[in-house]
Structure formats: structure tokens, C-alpha cells
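Peer 1: What follows is a predicted structure for the sequence shown.
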Amino acid sequence: MNESTIVYTHTDEAPALATASFLPIVQAYAKAADVSIETRDISLSGRILSAFPERLKEDQKVSDALKELGQLATKPEANIIKLPNISASIPQLKAAIAELQAAGYDVPDYPEDASTDEEREARARYDRIKGSAVNPVLREGNSDRRAPLSVKAYARKHPHVNKPFAAGSKTRVATMGHDDFFSNEKSVVIPAADTLSIRFTAADGTETVLKSGLKVLEGEIVDSTFMSASALDAFLADTLKQAAADDVLYSVHLKATMMKVSDPIMFGHVVKAYFAEVFAKHGAALEAAGLTPNDGLGSILAGLSEVAGGDQIAADFTATIAAGPRLSYTNSDKGITNLHVPSDVIVDASMPALVRNGGKLWGVDGGEDDTLAVIPDSSYAGVYQATIEDVIANGPLDPATIGTVPNVGLMAQAAEEYGSHDKTFEIAADGRVDIVNAAGDVLITHNVHKGDIWRATQAKDIPIRDWVKLAVTRARASNTPAIFWLDEKRAHDAQIIAKVKTYLGDYDTTGLTIEIMAPAEATKYSLARIRKGEDTISVTGNVLRDYNTDLFPILEVGTSAKMLSIVPLLNGGGLFETGAGGSAPKHVQQLVEENFLRWDSLGEFFALAASLEHLSDTTGNKKALVLSSTLDRATGTFLEEDRSPGRKVGTIDNRGSHYYLALYWAQELATQTDDAELAAIFAPIAEALASQEETIIAELIAVQGKPADIGGYYKPDATKIVKVMRPSATLNKVIDSIN
């Protein structure tokens, strides 16, 4: 890889399909500027195959691209464009495995209950793949996310609709507030480099090492906490009664993808609470069949054909839903409830959608209704309740006039990876969990009970220092107040606050407004300001980074996919992310059914422009800077001309939007005066694309309205993808003629 190389990630679902259309354009334009575009496969299927090379034929083996990119991310020359990837829940992982097996790949089943060494090894490899496995590897830096000026300008000129809450709306958030992760948290700062272990001591004195060899550095924050299973169950039983009494939809909002260990367990508790009578009656049979509520109702129903009396069990589930409380539905046409799939309702996407829709979700008949939004842990539930209260009191936010809330997020070196990796456990028996240092000293201890969910997390000192620096830099560059969303009443945040106050002293903050507020208060403060057209930077930890970079963009510009997402890597490289992928599955379904891809690649355009600018800054390639500046202007024209994909067959879809971006980009390159060679190359390209617009659009629309064969969901056929995603021979001929 030479220094003028950008690495494009090959991921999953709609983003991967869209890239099959857009990447040939990018590669052709970049080559004219002596920029090489390489790809690396970090898709779910690619990660599965790379984990089991010894089981595959030579022509089936793939390299461990994620490991390679993780190493690259620590180097100054890193320049990576990362598209959204699947953060696999267990049902998604199993589906991908089944698809690969059907295609002839000898990968093992996912062993739910590993009993042999071989099964335990397979389970360990799969556990490194599921959930948010990609982001901690690549994010060797903190996050700078904001809505580009062109996107805000477009939203102000063409505002979407944020619906008002109806008078007397019953929609609200329900959260535990006690015996949860927030209330049980303990935290320490490590005084010197050390090696820790996590030890469980059962009530009978039996000791089990849950985790050993946990290396920590001086100044690192380590904390642990747990959620009481019994308190969770009592809370869920109470919220079900509340939803029934209020006659509102019942909807749980978790993050079973990123928090891949803890949140599926909580999801399972919700399923068991709602279907308490069914599990009391049939729980033993379901457990014997390996059907777990953690995987959701959909997985259970799909497996009942193999269970004796499965028809009656299915009927009992159906009868319970009919009796209520009424559930919210993610797809009422197909009978998919909020409890069907743990990865279907991700809190950071689902809660802003609820707010934008006037506090209403969708019921069994597709109709909208008020909702009890259940967010068990109280750490950040107040953010959404504060937002709901603000909109009820002050009316919906007007995208035509409001300001913006960009985000600076702490995430470098896997900071604050809660509930996801190898430090989260469902406790097997009553006892005590200790975090112990190498000298045998107990740093943190918790008394726990069987079924409790215990987790630990880390945040290294260098990423925190860099995060504070980035916050001050952004505040200074944009002359915008920066608010650290930290709660002094929370153990972890209290440690962070002490460091923030110390490290702010390293910078000249004269004239800047930099404050620390608890999340709910910061929400109220930021909403009050954006209603006045004022901007406020939210400076947050890792989880709130995810939440805020969906909440505010969805209310401000209608989607989080249009954010500029830059990760200045700690060692000088750059990671450029292209937006969220939560709606990707529905887009793939529409493509397969009617050859229409509604996915919007706008975030990809922004990421590419920033990547090219970074490459120019680090390598001195002036042509790359010309590509970047012209792409920025072309994207502005793209927005002004409203060339984003339509929603229905007969309008331009993702492929048509790529054509128009290519046209406007070529026109900008042809008329710019900074590089005569590039202008000469792209003048005939611009003319050809413009003169053949009618033919190209006709060819792109002609394929719509009938099924598309892509040869697989998790590992589609590459040849079929090219045929589907590049259907205009005229456009292809022009693009392929460059250089």
C-alpha cells in the first residue's frame, strides 16, 4: 500500500450494495489524481470465514481484513473509509452461518451450550465476531461528528416534518432508577501499570476466575457494576401493568448489537416477562429445545416446528399477544413485534423516530399510538424523557430554523465499551465478584445474585486527554459552547470529571464556554439553544456518542446517515465513517423484491471528501485536494437539485443518485482552475455524462419493478451484484473510459 492510498471497507447489506455502484466511480476519479482506492472485506460473512481458515478449501479462504485494518489504524499513513457494518446479534450470526453452510463453506454451527473443547473454541471465535466487533478495532481515535453545512442548509430550505405530540399524550420513558447499572457502579483510577483479574466467589466459597490477564495502564479508569435480575423482573412486571392501565403500546428499547452480552440478556427478561404464563407452562420444553428468549420471539416461533406440541405453544404465544398489553410492531404487515428480534429495535435509532413521529409507534394494525418506552438502565434514559418533555412543552423542533448539536465522542482504544466484550457476565450463582490486581488487592467488589448481569469497562488516560483536546479544538474552531455530558452522581463519570477538569487546564479556554452537565440537564440546555437557532457541542462518552449522533441529526436533518463523521486517529491517521446503517435490512428487502435501492449514500460522499483532504494534507498530493474541494461543491449541487434516492419505483434510486453525483463532480473538475490536467481529463467526461442523461436515467429506471437476484443476503454473489448495481451500459462506458 503506497502513501496515496485510501482503504474502502466492504461491509454488509444496503451499504455494501450501494458501494458496488459508487466505488467504480470513486476509483476512476481517484486514479486520475494518482490516488489508489483499495478495499478490505470486514463484512459479517468475511469475518466468519476468516475465523475458520483450517476448515475451508484454498479458494474459499479469506484474510483477516479486520485485524489488518486494526494494525493500519495505529499508523500515521492510515486513511480508512468505513461504511456501516452488521453488529451481529446471535440470530443474525446464526443466519449468516446457515447461509454460508448452504453455499458450501464448512463453518461450524454456533454452539449455544458448548460442551466439548472443539465447541468451546468455535464459540470463542464466534464471540469475537458478534456484536460491535469492528468498531473497537478500528477506532484508534476519538469521534468528531457533525452535520455538514450543506446538509443543514438543505434541511432549512427543505425541512422535513417533526410531528407534534397530541394533547394529553401518554408517551413517556420508563426506567429502573435503582438496582441497575447506574446505581450499582463503582470506579477506580489505576495508580500504576498492572494486570487485573475478575474473580467470582460463590456463597459456598468456591472461586472461579472469570477473566485473567487484564492489562491496565497508569491513570486508566476501571469500573464495574451490575443490574439486579430480580429488580429488573419486578420493574418489567410493573411496566406491563402500567402499559395496560394507560392503554398504550409497550415497547422495549435496548442496544443488543453494541452491548452484545448484556442487552440480549435484558431482552430475554422482557420476553419472559411479557409471556410469563407461556414460559411458566412451556419453559422447560423451550429450554430443552435450545430456544432462548434472549434471541427473541421470532427465533422461538421459528424453532417450534421441531418441538413436541409446538403448535399449541405457538398458539399460546399468539393468545398472550392478543390479550395484551398491546405491543409495538416493527413490521405490522409481517406480524413482527418489538419482541421478535433483539437487533430490530436499537435505542439510539428507535427513540428519535418515536420523538419525530409525535411520540407514537405502530401497533398490530399499522396504526400509530402513544407508547410506554421501556429503557431499563437509568444511565441515559433521562435524555429521552427530557426530549419528550421538551417537545410536549414547546412543540416539535422546526428544521428550518433550529441550530445544531454536533458531537465529540470518547471512544479511542475501546473506551467505555459497555456490556459487550469479555468483561460482561450473567452470574451463575449467589456470591461476590471482585476485581483484583496483581498483588492480590481487591479494587472493586460487588455482592451479586444468580442471574444478575455484571459488567466491567475501561477508559485509558491517553484517549481521555485526546478527547478533551478535541473538544477544546472544536469549540475554538466553531466558536461554539461545548458541554461535557457527565453526571457527578455516577461513579465512572465522577472519575472522568476529575480528569476533564485537570486536562482543560492544559489549554487556553479564554472566551470559550465549556461546562459539565448531567445528561438530562445537558439535553434540556442543548434543546433550549437549538430552538433559538444556536449550536452546542455535546462532548460525550462512547455510548452517548452513539445516542446523540442519532437523536439530534434525526430531529435536525431527518436522518443520521448524512453526518460528517471523522475520527482523527491517535497516531496521525484518519478514519472516516459514512453514517448509520440501522435501516439497511429494509432497503435490501426492497431491492430484492423490486430492484429499487432507497439507501442514501450522502454520508459516503462527505466521508470521501474528508478522506481526500486528509490524504492531501499528509502526502502533499495537490490533485487529491482538488478532488476533495470539487466533490464538496458537487455534493452541494446534488443537495440543491434534490438528487437523493426516491422512495418508490419509477423515481431514481441509489444508482441514479450516484450518476448525478458523478455528473456534478465531473462538471466541477472540468471547470476548476487549480489543476489543468484534471480539467482536461474530466471535460469530455462531464460532456458525455450531461449529453446522455436521458439515456442513462432511462436505463437505470428500466430495471425497476421486478425482483433482483443478488445470490445471498450475508454473502451475495459478486458477479450478480455488479449486474444489479451497474445496470446502465451507457454510464458504465463513460466511467470506465476515464484514464
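Peer 2: All right, it came through fine.

Peer 1: Summarise which helices and strands the helix or strand of the chain with the lowest mean pLDDT is packed against.
Peer 2: Lowest mean confidence among the helices and strands of the chain (mean pLDDT, DSSP states H and E): helix 135-138, at a mean of 79. With contacts defined as 3 or more C-beta pairs under 8 Å, 6 or more residues apart in numbering; DSSP states H and E, helix 135-138 has these neighbours: helix 65-72. Placement of C-beta: from N, CA and C, glycine included.

Peer 1: Name the residues of the helix it packs on that are buried.
Peer 2: Ala65, Leu66, Leu69, Gly70, Leu72 (16 or more other C-beta atoms under 10 Å).

Peer 1: Can you pull out the low-pLDDT segments for the stretch 501-650 of the chain?
Peer 2: Counting by pLDDT under 70, the stretch 501-650 of the chain contains low-confidence residues at 579-584.

Peer 1: Okay, helices next: where are they in it?
Peer 2: Taking DSSP state H, counting those that start in this stretch as the criterion, the stretch 501-650 of the chain contains helices spanning 519-531, 542-557, 584-594, 602-619, 622-640.

Peer 1: what's in contact with the least confident helix or strand of the chain?
Peer 2: Among residues not part of helix 135-138, those counted as contacts by C-beta atoms under 8 Å, 6 or more residues apart in numbering are 66-67, 69-70, 73, 80, 82, 87, 258, 411, 414, 417, 421, 575.

Peer 1: just stretch 46-59 next, same as before
Peer 2: For stretch 46-59, contacts defined as C-beta under 8 Å, 6+ apart pick out 10, 60-67, 93, 96-97, 100, 105-108, 122, 125-126, 128-129, 133-134, 715.

Peer 1: Buried subset of those residues, written for PyMOL?
Peer 2: A single PyMOL command is used to select the members of those judged buried by 16+ other C-beta under 10 Å:
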select buried, resi 10+60+62+64+65+66+93+96+97+100+105+107+108+122+125+126+129+133+134+715
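
Peer 1: rewinding a little: can you give me the mean pLDDT across the helix or strand just after the least confident helix or strand of the chain?
Peer 2: The element immediately downstream of helix 135-138 (helix or strand, assigned by DSSP states H and E) is strand 143-146. Strand 143-146 shows a mean pLDDT of 92 in the predicted model.

Peer 1: Which elements pack onto strand 143-146?
Peer 2: Strand 143-146 is packed against strand 407-409, helix 542-557, strand 564-568, with contacts defined by 3+ C-beta pairs under 8 Å, 6+ apart.

Peer 1: State the helix or strand in which the closest residue in space to Ala32 that isn't next to it in sequence lies.
Peer 2: Counting by C-beta to C-beta, 6 or more residues apart in numbering, Ile681 is the residue found nearest to Ala32 once chain neighbours are left out, at 5.1 Å. Counting by DSSP H and E, the secondary-structure element that holds Ile681 is helix 676-691.

Peer 1: now that helix, how far from the centre of its chain.
Peer 2: Taking C-alpha atoms, centre = their mean, to the nearest Å, one finds the center of helix 676-691 at 38 Å from the center of the full chain.

Peer 1: for it, packing partners?
Peer 2: helix 622-640, helix 654-671, helix 729-736.

Peer 1: Go again with 10 Å.
Peer 2: For helix 676-691, the contact count by 3 or more C-beta pairs under 10 Å, 6 or more residues apart in numbering; DSSP states H and E identifies helix 13-31, helix 622-640, helix 654-671, helix 729-736 as packing neighbours.

Peer 1: any idea how far the second one is from the chain center?
Peer 2: Right, the one you point to is helix 622-640. Here helix 622-640 is found 27 Å from its chain centre; the criterion is C-alpha atoms, centre = their mean.

Peer 1: Now it: buried residues?
Peer 2: Using 16+ other C-beta under 10 Å as the test for burial, helix 622-640 gives 623-639.

Peer 1: same question, the third one
Peer 2: Residues of helix 654-671 classed as buried by neighbour count (16+ other C-beta under 10 Å): 654-670.

Peer 1: can you check stretch 192-210 too?
Peer 2: Within stretch 192-210, judged by 16+ other C-beta under 10 Å, the buried ones are Asp194, Leu196, Ser197, Ile198, Arg199, Phe200, Leu210.

Peer 1: all helices of the stretch 1-150 of the chain, in order?
Peer 2: When assigned using DSSP H, counting those that start in this stretch, the helices of the stretch 1-150 of the chain occupy the ranges 13-31, 44-51, 65-72, 90-102, 117-127, 135-138, 149-157.

Peer 1: following the host helix or strand of Thr208, which helix or strand comes up?
Peer 2: Secondary structure assignment for Thr208, by DSSP H and E: strand 207-216. Going down the chain from strand 207-216, the next helix or strand is strand 221-227, by DSSP H and E.

Peer 1: Mind listing the strands that next one pairs with, and their directions?
Peer 2: Paired strands of strand 221-227, with direction, are strand 186-189 (antiparallel), strand 453-459 (antiparallel) (DSSP bridges).
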